[in-house]
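Asks: Predicted model and sequence below, questions to follow.
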Amino acid sequence: MELLILKTDISSSKKIKQLLPIFNGHPVIRRWSVDTEDIDNVLRMEVLAKNGHEIIKMIKEEGFYCESLPDF
């Protein structure tokens, strides 16, 4: 299991609802949440394998900004 922490522009419940069927139907995504109160609109995902680059690509293809947050 891998934890992805991503900076996004998913800033509203409307945008979250747009992604809901995509994330919930994806075979490697186990859990996910978006913190729209955070300045970076942080998307946290638990995924089965090291598919971070594929997940970022998928989100961008849906028309959203997304990048990995640097480790602190």
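Replies: Happy to help now that I have it. Numbers count the residues shown, from 1 in each chain.
Asks: Any idea which helix or strand in the protein has the lowest mean pLDDT?
Replies: Ranked by mean pLDDT, DSSP states H and E, the weakest helix or strand in the chain is helix 52-61, scoring a mean of 90.
Asks: What residues sit buried inside that one?
Replies: 52, 55-56, 58-59 (16 or more other Cβ atoms under 10 Å). Placement of C-beta: from N, CA and C, glycine included.
Asks: quick one: which of the residues you listed is nearest Arg31?
Replies: Arg31 lies nearest to Ile55 out of the buried residues of helix 52-61, by Cβ to Cβ, at 12.9 Å.
Asks: Strands of this protein, start to end?
Replies: 2-8, 29-35, 42-47, 66-68 (DSSP state E).
Asks: helices or strands next to the longest helix seen in the chain in the packing?
Replies: When the chain is parsed with DSSP state H, its longest helix is helix 13-24. Counting contacts by 3 or more Cβ pairs under 8 Å, 6 or more residues apart in numbering; DSSP states H and E, helix 13-24 packs against strand 29-35.
Asks: Just the CA coordinates for the strand it packs on, please, in PDB.
Replies: Listed next in PDB are the C-alpha coordinates belonging to strand 29-35 (Å, rounded to 0.1, in the frame of the first residue of the first chain):
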ATOM      1  CA  ILE A  29      -7.400   3.300  -5.300                       C
ATOM      2  CA  ARG A  30      -8.500   2.000  -1.900                       C
ATOM      3  CA  ARG A  31      -9.300   5.300   0.000                       C
ATOM      4  CA  TRP A  32      -9.200   8.900  -0.900                       C
ATOM      5  CA  SER A  33     -10.100  12.300   0.500                       C
ATOM      6  CA  VAL A  34      -9.700  16.000  -0.500                       C
ATOM      7  CA  ASP A  35      -9.100  18.700   2.100                       C
END
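Asks: Name the residues of that strand that come out as buried.
Replies: 29, 32, 34.
Asks: mind checking which of the strands of the chain is nearest Lys17?
Replies: So among those, strand 29-35 is nearest, using Cβ to Cβ, at 10.8 Å.
Asks: by how many degrees do the closest one and helix 52-61 diverge?
Replies: Taking axes from the mean of the first three to the mean of the last three Cα atoms, to 10 degrees, one finds strand 29-35 and helix 52-61 inclined to each other by 60 degrees.
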